[in-house]
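Chemist: I would like the atomic coordinates for the input below:
(one chain, ligands or ions: 1)
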Amino acid sequence: MSGAKNSALKLMAAALLGQGVFHLDNVPRITDVRTMAEVLQCLGAKVTFQGHQMAIEVSSLQGRTPEQLVKSMRASVQVMGPLLARLGWVEVALPGGCAIGRRPLDIHLSGFQQMGASVVLNGDRLVARAPGGLRGADITLRYPSVGATENIMMAAALARGETVIRNAAREPEIVEVQAFLQAMGARVFGAGTPVITVQGVPELGCTDFSVMPDRIEAGTYLLAFLITGGEGTVCRVRPGHFSSLLSVIQAMGGEVAVEGSKVSVAAPKRLHPFALVTRPYPGFPTDLQPQMVAAATQAHGRSELRETVFDQRFGYVRELRKLGAVVRQTGQTVRVYGPVQLRGAQLEAGDLRAGAALVLAALAAEGRTLISGAQHIDRGYECLEEKLGGLGARITRLATMGG
Ligand code: UD1
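Modeler: Reported below is the predicted structural model:
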């Protein structure tokens, strides 16, 4: 499997806290990573990206982030913490990214404010300042936001004194950011638990680091095996990072075998229906919710999925219905009635994981499915068509589809 998008992007942002040349390995070749590389370059870093290796040279930086890039990718907001801590100011356009609901920044900004920063909205640009530097604070997040936890951790690494982040997100990507910061010389502890402590240091160096495997990509391929009634193995993964998915696959009757860094799944003759609720880690990941709904169309009976992390993450259901899926939505819950024989149709991918779900459904559908909006899929999946093609799927990219 490829390196994790949601880890690589944060490590790239964290590099802005240091000095010298960073070497990142196992960096996924996806458009979000290229966008982040452009953001870093606009800020004054030098980035070279060859194969899966990236070098980032950081010396002097400026704090005004490029509007168009930030608008195209929400994760670029992760440069706020590092720049604010390093330069004492940062200016970012309000970010964009996947269209999956309101995605405010209040938790990030409240953290910076508690560390002594002032934050003002100037038109559609956020300006945060801490001319005298940030100071450590005891911060309780109103929700364990992944991005806010990382942003505050990074800012705190160069703040004066100790910062405690309570109700912190516990995703594996946060543990990676901690390991990366520690390798740069930061004093950060507790990632993976709800309380993270950061003792600020005056400056940070650089490091070499290998990006962890992408748990969401791995999960998407395991579900491809399941939805097509097939079997297969994902290699170079950390199975402990997606135990919640493996439990659901087992509940659906799938046979799961874990051997070191390999996970194999074999589909049963009849997929059982299931119920799940998305939650922050270690709960079921929202980033696999659309793919699970696609899988549920092939289960015998009624499956029920409730989304609690984002408030508008069922937009793709309309597209699944075009294939013949029977899905009823009530508020933040969908019920899927299966199995149905899906039939190829023309679909539009509205965001990254929705796009992945449509690809899975198309694999199970009879006939040809045309998915436009492939550029959303390219944001987070490296060589999707080659990887699925290698497993026997017939999948082609049409030049006119963009991306
Ligand atoms: C990250 C992941 C994304 C994943 C999500 C949840 C990256 C680049 N993206 O996104 O793939 O789906 O975690 O696992 O790592 N919220 C607020 N105020 C804030 C921040 C967040 O209300 O200041 C809300 C959001 O609107 C959302 C929920 O908190 O409803 C979760 O967001 P968050 O955990 O911050 O997700 P991201 O870091 O944006």
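Chemist: Ser59: neighbouring residues, count only.
Modeler: 10 (other C-beta atoms under 10 Å). In this view, the C-beta of every residue, glycine as well, is placed from N, C-alpha and C.
Chemist: how about it, what does it touch?
Modeler: Contact analysis of Ser59 by C-beta atoms under 8 Å, 6 or more residues apart in numbering lists 19, 44.
Chemist: and it, its phi and psi?
Modeler: According to degrees, to the nearest 10, the main-chain angles of Ser59 amount to phi -130, psi -90.
Chemist: what's the separation between it and Ala8?
Modeler: According to C-beta to C-beta, to the nearest Å, Ser59 and Ala8 sit 22 Å apart.
Chemist: what of Glu171?
Modeler: On the measure of C-beta to C-beta, Glu171 and Ala8 end up 14 Å apart.
Chemist: higher neighbour count, those two?
Modeler: The residue with more neighbours, out of Glu171 and Ala8, is Ala8; 28 against 23, by other C-beta under 10 Å.
Chemist: how about the residues of the chain by the ligand?
Modeler: 6, 9, 74-75, 101-108, 143, 145-148, 169, 286-287, 309-310 (C-beta under 6 Å from any ligand atom).
Chemist: quick one: buried ones out of those residues?
Modeler: In terms of neighbour count (16 or more other C-beta atoms under 10 Å), the buried residues within the residues of the chain next to the ligand are 6, 9, 74-75, 103, 105, 107-108, 145-148, 169, 286-287, 309-310.
Chemist: mark which of the residues of the chain next to the ligand are part of helices, please.
Modeler: 6, 9, 106-108, 146-148 (DSSP state H).
Chemist: specify which member of the residues you listed is nearest to Ala37.
Modeler: Distance to Ala37, by C-beta to C-beta, is smallest for Leu9 among these, at 10.0 Å.
Chemist: with adjacent residues omitted, what lies nearest to that closest one?
Modeler: Ala75 (4.5 Å; C-beta to C-beta, 6 or more residues apart in numbering).
Chemist: same check, this time on Val58
Modeler: Ala45 (5.0 Å).
Chemist: can you pull the contacts of the one you found?
Modeler: By C-beta under 8 Å, 6+ apart, the neighbours of Ala45 are 15-16, 56-58, 61.
Chemist: over to Glu304?
Modeler: 275-276, 333-336.
Chemist: can you check Ala8 too?
Modeler: So Ala8 contacts 24, 27-28, 33, 36, 211 (C-beta under 8 Å, 6+ apart).
Chemist: distance of the nearest residue to it once chain neighbours are set aside relative to Pro104?
Modeler: Leaving aside its sequence neighbours, Ala8 sits nearest to Val211 (C-beta to C-beta, 6+ apart; 4.8 Å). Distance of Val211 to Pro104, computed by C-beta to C-beta: 28 Å.
Chemist: Ala37 now?
Modeler: Distance from Ala37 to Pro104, by C-beta to C-beta: 26 Å.
Chemist: how is the protein divided into domains?
Modeler: With domains defined by automatic domain parsing, the chain comprises 5-210, 215-401.
Chemist: in a markdown table, list the ones you listed along with mean pLDDT.
Modeler: Converted to a markdown table, the domains of the chain look like this (pLDDT from 0 to 100):
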| stretch | mean pLDDT |
| --- | --- |
| domain 5-210 | 94 |
| domain 215-401 | 96 |
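Chemist: right, and the ligand sits closest to which residue of the stretch 101-250 of the chain?
Modeler: Among all residues of the stretch 101-250 of the chain, Gly147 sits closest to the ligand, at 2.8 Å; criterion: C-beta to the nearest ligand atom.
Chemist: residues in contact with that residue?
Modeler: 74-75, 77-78, 108.
Chemist: make it 7 Å
Modeler: Contacts for Gly147 were tallied using C-beta atoms under 7 Å, 6 or more residues apart in numbering; they are 77-78, 108.
Chemist: which stretches of the chain form helices?
Modeler: Under DSSP H, the chain gives helices at 5-14, 31-43, 67-72, 80-87, 106-114, 146-157, 172-184, 215-227, 243-251, 289-296, 317-322, 352-364, 374-378, 384-389.
Chemist: quick one: closest of those to Arg343.
Modeler: So among those, helix 317-322 is nearest, using C-beta to C-beta, at 9.1 Å.
Chemist: what helices or strands is the closest one leaning on?
Modeler: Here helix 317-322 touches helix 289-296, strand 326-330, strand 346-348, going by 3 or more C-beta pairs under 7 Å, 6 or more residues apart in numbering; DSSP states H and E.
Chemist: what does the longest one contact?
Modeler: Contacts of helix 289-296 from elsewhere in the structure, counted by C-beta under 7 Å, 6+ apart, are 219-220, 223, 226-227, 273, 276, 278, 303, 305, 307, 313, 316-317, 320, 327, 334, 336, 338, 353-354, 356-357, 360-361.
Chemist: run the last query once more with 8 Å
Modeler: By C-beta under 8 Å, 6+ apart, the residues outside helix 289-296 that reach it are 219-220, 223, 226-227, 248, 252, 271, 273-274, 276, 278, 303, 305, 307, 313-314, 316-317, 320, 325, 327, 334, 336, 338, 353-354, 356-358, 360-361, 364.
Chemist: buried ones from the residues you listed, can you make that a ChimeraX selection?
Modeler: Buried residues within the contacts of helix 289-296, by 16+ other C-beta under 10 Å, are selected in ChimeraX with:
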select :219,220,223,226,227,248,252,271,273,274,276,278,303,305,307,313,314,316,317,320,325,327,334,336,338,353,354,356,357,358,360,361,364
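Chemist: list the contacts for Phe209?
Modeler: So Phe209 contacts 11, 22-25, 179-180, 183 (C-beta under 8 Å, 6+ apart).
Chemist: ok, Ser303 to the ligand distance?
Modeler: 21 Å (C-beta to the nearest ligand atom, to the nearest Å).
Chemist: ok, that residue touching Val336?
Modeler: Yes. Counting by C-beta atoms under 8 Å, Val336 is a contact partner of Ser303 at 4.6 Å.
Chemist: for these two, list the residues in contact with both.
Modeler: With C-beta under 8 Å, 6+ apart, Ser303 and Val336 have common neighbours 273, 296.
Chemist: in stretch 290-303, what's buried?
Modeler: Those would be 290-299, 303, for stretch 290-303 by 16+ other C-beta under 10 Å.
Chemist: one more: stretch 345-352?
Modeler: Within stretch 345-352, the residues that qualify as buried are 345, 347-352, counting by 16+ other C-beta under 10 Å.
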